Every structure is written in C-alpha cells, then in structure tokens.
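Participant: what shape does this take:
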Amino acid sequence: EKRLAGSQEIIRFTGAVMRVTDFGSLASSVKGCLNLSLSGIPFWSSDIGGFWFESSPELYIRWLEFGMFCSHARFHGFYSREPWDFGQQAVDVYRKYAGLRYRLIPYIYNQALAVREEDTLIHRPVFYDYPSDLNAAGLDTQYLFGKELMVIPVLNEDNSVRIYLPRGQWTDFYDDTVEEGGKWMEQVVPLDKIPVYVRENAIIPIGPEMEYIGQKEDDQWEIHCYPMEGKGRLCSYEHGFTVEMHASADRVKIDCTRTDMNLTFVLHNIRPAGVQADGQDIGSGWTIKGLISIWAIGCRTMISIWS
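Facilitator: Prediction:
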C-alpha cells in the first residue's frame, strides 16, 4: 500500500530563524516545540544558541541545557555554535549534559519508539497528561520529556524559574529531594543546572557513560525506580522485556520478564528493611540469576539481575 509521508513521519529540524537571538527566542523555541508536538510532529529540535547573530555565553548555556532534553540535539547557526567558543564554563556544562544525554539514550530511544507503538508524544505539554488541572492549561514554559521527566528550562538572564508540579509526588532528578505536587515553586537556578523532576512511580532505563553511540555494548542498563504508593511500568520495545512495579506504604514489588540484558535496579525514595528474590531473603551484594520478582520491604538500594 502506497501512502504519502507527512511531516510527522520524518525527523524534523525547525531551527530558530528569528530576527534576534535572545532569551525571548529561546522561550519561543520551547513554545514552538510544544505546539508542533500537538500538531502531530513528534521529533523536533531547535538550533542550540539560536541561528542568527551572536549568542552570549549565558544564553548559549541555557539553550544547550534545553536542547539536551529534546528528541535530538543540534548545534547549528550562521555564526559559531561550538561550546569552546563560549568559554570554559560552556564547555563544562556541555560535557555535563552531553554525558547525561548519552546515559539517557535508552530512555529517549524507548520514548521515541513509544510514539509509534502508543500514539503518544515525546515532548508533552503539561496539560497533555493532566487535562483536568487548570494550572496546566496554557503552561508553555515547561514540559514532560517523555512520560517520566518534567523539564523546566531557564528562560531569562535572572536565572529564575517558576515551576508548577501537578498532583502527586515528584523527585528532584539530581538529589532525590521529594516535592509534593499540586503547587507552584520559585527557584533561582545556577547557570550549570536545568531543573528536572521525576514523576512518581517512574521507571527509567539509563545506560553506561559513553562519548558516542556504539562505543559500548548496549547490554548493561540501570533501571531507576521511583516508588511511591501506586504502580509503574516500563516496556522496552527494543529489547522486548517489561518491568512492573507495585508500591504500597511499606512494600515494593518489582516483576521483570526474562532478558539477556544485564540489569542493575536502583530504587529511590525507600529504605529497605529486607529484600526477597523469588520468596528467598537476600542480603547486600545481591547477584541473582533467573530473577523474576524482587521485593524491597520498607533511601536507596541497588539490585543486580541477569538471566
């Protein structure tokens, strides 16, 4: 069957061809990203640093932080957009977030596959997941990157952000601080940080440190779980395994289907009093073969599994 491919079926670079390159252009790029996503174009990037005219080091850094949390990152412009042309701090921030992005490739790629498999979005306006929350209506300065990560770009020279977290509990991606949702927050953010929060009961696959795709074998992941009371689920479309998590006030149960992957489970937000694998108590330094179920009874523990 022949059919015409629309813009939604190709990788889309929209760029940022504006009359000026400033923080207003950066904010417009965030808005453009979300509007295009709602219009059926799931894969998107901006020209990091802006396309036309010179960019200040501060604007460049804030733009690259945002750009690393898009489906693909693109450094492109009429003038230089290489990090080393914007000073040592720009190089350091680039290394920090490029390294984080490579570790997040299993999550990013799986969310891209979910666009096809689940007819969903990878850049999600807040109201997309919280349609009954009136605070989310028209909120165009932050977004969910995939299903699990709330990203809040810094869009001004004052390093200030106003953050809205919908109902539920949200974990700071960097330090595991838990915030109760349903509220606004104001923060002053260091230049080398973009605020990111993890949705409750998220399950996030993270890969090894790399400098380019394929540098290391894609067979060792960390599975980061953020149990609150409720359920979470990860379906790896590429590798064909699923992880399901059921959490109550004092118990977390994780079920993982068999896989050839080497998986290390990292549990956030809990302090286990005991752990069982397939009904057997285990201590620290767990190495479990043929693992199907893990129980963490109860801020953070690690469990290694493989089949």
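
Participant: from now on I want contacts and neighbour counts done on CA atoms only, so please keep to that.
Facilitator: Fine.

Participant: OK, contacts around Tyr97?
Facilitator: Under the criterion of C-alpha atoms under 8 Å, 6 or more residues apart in numbering, the neighbours of Tyr97 are 65, 68.

Participant: helix or strand: which one has it?
Facilitator: helix 88-103 (DSSP states H and E).

Participant: equivalent analysis for Tyr60, please.
Facilitator: helix 57-67.

Participant: determine how far that helix lies from the middle of the whole chain.
Facilitator: Its chain's C-alpha centre and that of helix 57-67 lie 17 Å apart, by C-alpha atoms, centre = their mean, to the nearest Å.

Participant: can you give the contact residues for stretch 178-195?
Facilitator: The contact list for stretch 178-195 (C-alpha under 8 Å, 6+ apart) reads 58, 61-62, 65-66, 93, 151-154, 158-172.

Participant: wait, stretch 81-96
Facilitator: Outside of stretch 81-96, the residues within contact range by C-alpha under 8 Å, 6+ apart are 48-49, 56-57, 60-61, 64-65, 75, 192.

Participant: what of stretch 144-162?
Facilitator: Taking C-alpha under 8 Å, 6+ apart as the rule, stretch 144-162 contacts 23-24, 26-27, 58-59, 62, 65-66, 69-70, 108, 111, 121-126, 141-143, 163, 184-191, 194-199, 202-204.

Participant: the helix holding Tyr97 to helix 57-67, inter-axis angle?
Facilitator: Between the axes of helix 88-103 and helix 57-67, defined by axes from the mean of the first three to the mean of the last three C-alpha atoms, to 10 degrees, the angle is 0 degrees.

Participant: list the buried residues in helix 88-103.
Facilitator: 89-90, 93-94, 97-103 (16 or more other C-alpha atoms under 10 Å).

Participant: any chance of TSV for the residues you listed, columns distance to Gly32?
Facilitator: TSV is the format used below for the buried residues of helix 88-103 (distance: C-alpha to C-alpha, whole Å):
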residue	distance to Gly32
Gln89	28
Ala90	25
Val93	24
Tyr94	23
Tyr97	22
Ala98	23
Gly99	26
Leu100	24
Arg101	22
Tyr102	25
Arg103	26
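
Participant: turn those into TSV, columns for pLDDT.
Facilitator: What follows is these, written out as TSV (pLDDT from 0 to 100):
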residue	pLDDT
Gln89	95
Ala90	92
Val93	95
Tyr94	93
Tyr97	96
Ala98	94
Gly99	94
Leu100	96
Arg101	95
Tyr102	94
Arg103	96
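
Participant: and which of those residues is nearest Ile213?
Facilitator: Closest approach to Ile213 among the buried residues of helix 88-103 (C-alpha to C-alpha): Tyr102, at 7.6 Å.

Participant: run through the chain and note the low-pLDDT ranges.
Facilitator: Applying pLDDT under 70 to the chain flags the ranges 1-20, 51, 77-78, 272-273, 276-307.

Participant: give me the residue at the spatial middle of it.
Facilitator: Centroid-nearest residue in the chain, with C-alpha atoms, centre = their mean: Leu149, separated by 4.3 Å.

Participant: distance of it relative to Phe75?
Facilitator: Noted for Leu149: a distance of 23 Å to Phe75, by C-alpha to C-alpha, to the nearest Å.

Participant: and Glu118, by the same measure?
Facilitator: 30 Å.

Participant: the more surrounded of those two?
Facilitator: Neighbour totals were compared for Glu118 and Phe75, and Phe75 leads with 19 against 9 (other C-alpha atoms under 10 Å).
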